[in-house]
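**Q** Take a look and give me a structure for this.
(one chain, ligands or ions: 2)
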Amino acid sequence: MGKQQSRDTRAGISHVKNLLPLMKSALPEDLLQLLELTGRIASEHSARAFIVGGVVRDILLGRESLDIDVVIEGDAMAVAEELAPHAVNKPVFNRAFATATIPLQDGFHIDVATARTETYDVPGALPKVSPATIEADLRRRDFTINCACASLAPQTFGEILDPHNALQDIEIGLINVLHDKSFVDDPTRIIRGIKYANRFKFVLDDTTLELAEDAICDGCFRTISPHRLTDELRILFVEEMPWGAIWDLAQLSILTSISPYLSLAHNALPILRRIEGIESKLHGAFPDDYRKWLVRLLLFMGNVPASELASTLDVFDLDRNEASIVEQFVTRGKDIASKLEGLDRAKDGELYELFSDILAEAGVVIVAMRRSKAGDRAFERYWSALSKVRLEIGGQEIKSMGLEEGPMIGKILGHLLMAKINGEIQGKDAELALARELVSRAKERLEEDRS
Ligand code: ATP
Ligand code: MG
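**A** Residues are numbered from 1 along each chain as shown. Ligands and ions are numbered 1, 2, ... in the order given. Alright, predicted model coming up:
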């Protein structure tokens, strides 16, 4: 499907009354049929079905949307049960929340949910949920652009229901909240707003922007859980062109409102460009779980002192490896950066020792920040070649030379690897020969210690 439409080509969106013609060109035939079936099943259960939110917005904008949100005014679980046989993989039912996900061909999936209201007891907390009408369901949503829906009922298939003038805002490219307390209820919506503004090249309406600024000033981000904040940032930072989003986060002081140390690096744009350069060159060489989003977040951590590491980690919800990346960057970044210039004359073994000791994500940012040609070359050499070097022999061979299980085996393997990386040995025979020599020296030392 096509790229983002310009303002001119969005003209007329606000006049669309029935989505069916656009659905026909946007969705595969069998998916359209499944949506028709969904509408029929809902009717049989005296319920009403709608597609809603992002999918409606994306169909109007001519963008692909794999994620088809269906809201049922009525018994969503009963409808989902009947759709389940059409899934290509096992459907996922979450009965406590009355939602189900039906995976389909080509990455599409239908998310079925019961129309509901959400009320917030405490700002920033998770909402209390109760079944409701479609109109009430639309009122709980984040932005007008996300709250148009289209009927799936047989008699009215495709008819648009747009009580909040979503289509008009989509046409002019404006992001509006539905009510003044929206960001106080859920500050993650501010990050979502930044995401949509940058993704669609839309702007935040003046009032919405002021509400966001006021909520941030009042400390709204201190009320949300590390988990929700981190989830939203994870999504934001893997958007296609994240610079605008990074800039908006900084302009709105979102992270500095949580901790004064989380400020954007002053030359973040050229650093990000260098990061992107390194990533496009080395992406095949990096580990499969390379966390692009965290690399972007590190752009906000260049001023975190080592003494604030723990408090910084508390702001986010990171797994062990992610926390290690932050720790390496914060506590060792400057030291590693200072060594980069000298690496032109270093042996491969030295490069290996430096870069194998930090995770790729921390390395990328440290190298991109330093701007050293020698550092760039060394980092590339490590990831494209040295990190892939493996010994042909293993612990088993060392043991069979008569050494007992223990840390000495690991040490010998490390020594062998370094010799291989430095080009001192090549091939299995050479590895075995050096291993024998090292084992016999180790045994001699053990003998001496014993006597
Ligand atoms: P994307 O293309 O990024 O997936 P989307 O609009 O589909 O955009 P989702 O995060 O998949 O967004 O959420 C689906 C819908 O749920 C949104 O369109 C929005 O109406 C609603 N929604 C999601 N998060 C919130 C929130 N924090 N507050 C209110 N409504 C929300
Ligand atoms: Mg979605």
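**Q** What is the neighbour count of the closest residue to ligand 1 within the stretch 51-200 of the chain?
**A** Residue of the stretch 51-200 of the chain nearest ligand 1, by C-beta to the nearest ligand atom: Gly54 (2.3 Å). Any C-beta I mention is one placed from the backbone N, CA and C, and that applies to glycine too. Summarising burial for Gly54: neighbours were counted as other C-beta atoms under 10 Å, giving 16.
**Q** Can you name the residues that contact it?
**A** By C-beta atoms under 8 Å, 6 or more residues apart in numbering, the residues touching Gly54 are Ser65, Asp67, Asp69, Asn146.
**Q** Out of these, which are close to ligand 1?
**A** Residues of the contacts of Gly54 in contact with ligand 1 (C-beta under 6 Å from any ligand atom): Asp67, Asp69, Asn146.
**Q** Can you turn the buried part of these into a PyMOL selection?
**A** PyMOL command restricting these to the buried ones, with burial defined by 16 or more other C-beta atoms under 10 Å:
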select buried, resi 69+146
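**Q** So which of the ones next to ligand 1 among the contacts of Gly54 belong to strands?
**A** Judged by DSSP state E, strands contain the following of these: Asp67, Asp69.
**Q** Between the ones next to ligand 1 among the contacts of Gly54, which sits nearest ligand 2?
**A** Lowest distance from ligand 2 to these (C-beta to the ion) belongs to Asp67, with 3.8 Å.
**Q** does the closest one have beta-bridge partners, and which?
**A** His109 (DSSP bridges).
**Q** thought it was touching Pro103?
**A** No - Asp67 is not in contact with Pro103 according to C-beta atoms under 8 Å; the separation is 11.2 Å.
**Q** check contacts around the most centrally placed residue in the chain.
**A** When C-alpha atoms, centre = their mean is applied to the chain, the residue found nearest the centroid is Arg234 (3.3 Å). With contacts defined as C-beta under 8 Å, 6+ apart, Arg234 is in contact with Trp293.
**Q** Tell me the spacing between it and Leu446.
**A** Applying C-beta to C-beta, to the nearest Å, the value for Arg234 to Leu446 is 50 Å.
**Q** Run through the helices of the stretch 201-350 of the chain in chain order.
**A** Ranges of helices in the stretch 201-350 of the chain, per DSSP state H, counting those that start in this stretch, are 206-217, 226-237, 243-251, 268-282, 292-298, 309-315, 320-340, 348-355.
**Q** For the residue of the stretch 351-451 of the chain found nearest ligand 2, pull up the helix or strand it's in.
**A** Nearest residue of the stretch 351-451 of the chain to ligand 2, counting by C-beta to the ion: Glu361, 26.1 Å away. Using DSSP states H and E, Glu361 maps to helix 360-370.
**Q** Show the subsequent helix or strand relative to that helix.
**A** Next helix or strand after helix 360-370 toward the C-terminus (DSSP H and E): helix 373-384.
**Q** which residues touch that next one?
**A** For helix 373-384, contacts defined as C-beta under 8 Å, 6+ apart pick out 278, 281-282, 285-286, 337, 340-344, 346, 348, 351-352, 354-356, 360, 363-364, 367.
**Q** Ok, stretch 304-321 next?
**A** Here stretch 304-321 makes contact (C-beta under 8 Å, 6+ apart) with 225-227, 229-231, 233, 255, 258-259, 261-262, 289, 294, 297, 301, 322-323, 326-327, 330-331, 359.
**Q** got it, and stretch 237-252?
**A** 190-191, 194-195, 197-199, 212-213, 216, 236, 255-256, 263-264, 268-269, 272, 292-294, 296-297, 299-300.
**Q** Can you tell me how far the closest residue to Arg370 other than its chain neighbours is from His415?
**A** Spatial nearest neighbour of Arg370, excluding adjacent residues (C-beta to C-beta, 6 or more residues apart in numbering): Ala337 at 4.4 Å. Distance from Ala337 to His415, counting by C-beta to C-beta: 28 Å.
**Q** Among these two, which residue is more densely surrounded?
**A** Between Ala337 and His415, counting by other C-beta under 10 Å, Ala337 is the more crowded of the two (17 against 13).
**Q** Asp169: what's it in contact with?
**A** Here Asp169 is in contact with Phe143, Thr144, Ile145, Ile175, Asn176 (criterion: C-beta under 8 Å, 6+ apart).
**Q** pretty sure Thr101 contacts Ile110?
**A** Yes - counting by C-beta under 8 Å, Thr101 touches Ile110, with 7.4 Å between them.
**Q** The two: which is more packed in?
**A** Ile110 (24 against 18).
**Q** Check which element follows the least confident helix or strand in the chain by mean pLDDT along the chain.
**A** Counting by mean pLDDT, DSSP states H and E, the chain has its least confident helix or strand at helix 7-10, which shows a mean of 75. Using DSSP H and E, the helix or strand that follows helix 7-10 towards the C-terminus is helix 20-26.
**Q** ok so, going back, between the contacts of Asp169, identify the one with the most neighbours.
**A** Highest neighbour count within the contacts of Asp169: Ile145, with 29 neighbours (other C-beta under 10 Å).
**Q** Need the ones next to ligand 1 among the contacts of Gly54 in JSON lines (columns: pLDDT and distance to Gly410).
**A** What follows is the ones next to ligand 1 among the contacts of Gly54, written out as JSON lines (pLDDT from 0 to 100; distance: C-beta to C-beta, whole Å):
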{"residue": "Asp67", "pLDDT": "94", "distance to Gly410": "47"}
{"residue": "Asp69", "pLDDT": "98", "distance to Gly410": "52"}
{"residue": "Asn146", "pLDDT": "98", "distance to Gly410": "54"}
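**Q** Please enumerate residues in contact with stretch 77-85?
**A** Outside stretch 77-85, the residues that touch it by C-beta under 8 Å, 6+ apart are 34, 37-38, 41-42, 45, 47, 49, 72, 91, 93, 95, 98, 100, 102, 110, 112, 114.
**Q** taking those residues one by one, which sit in strands?
**A** Under the assignment DSSP E, the contacts of stretch 77-85 contribute Ala49, Ile72, Phe93, Ala100, Ile102, Ile110, Val112, Thr114 to strands.
**Q** Flag every buried residue along stretch 73-91.
**A** Under the neighbour-count criterion of 16+ other C-beta under 10 Å, stretch 73-91 has Glu73, Gly74, Asp75, Ala76, Met77, Val79, Ala80, Leu83, His86, Ala87, Pro91 buried.
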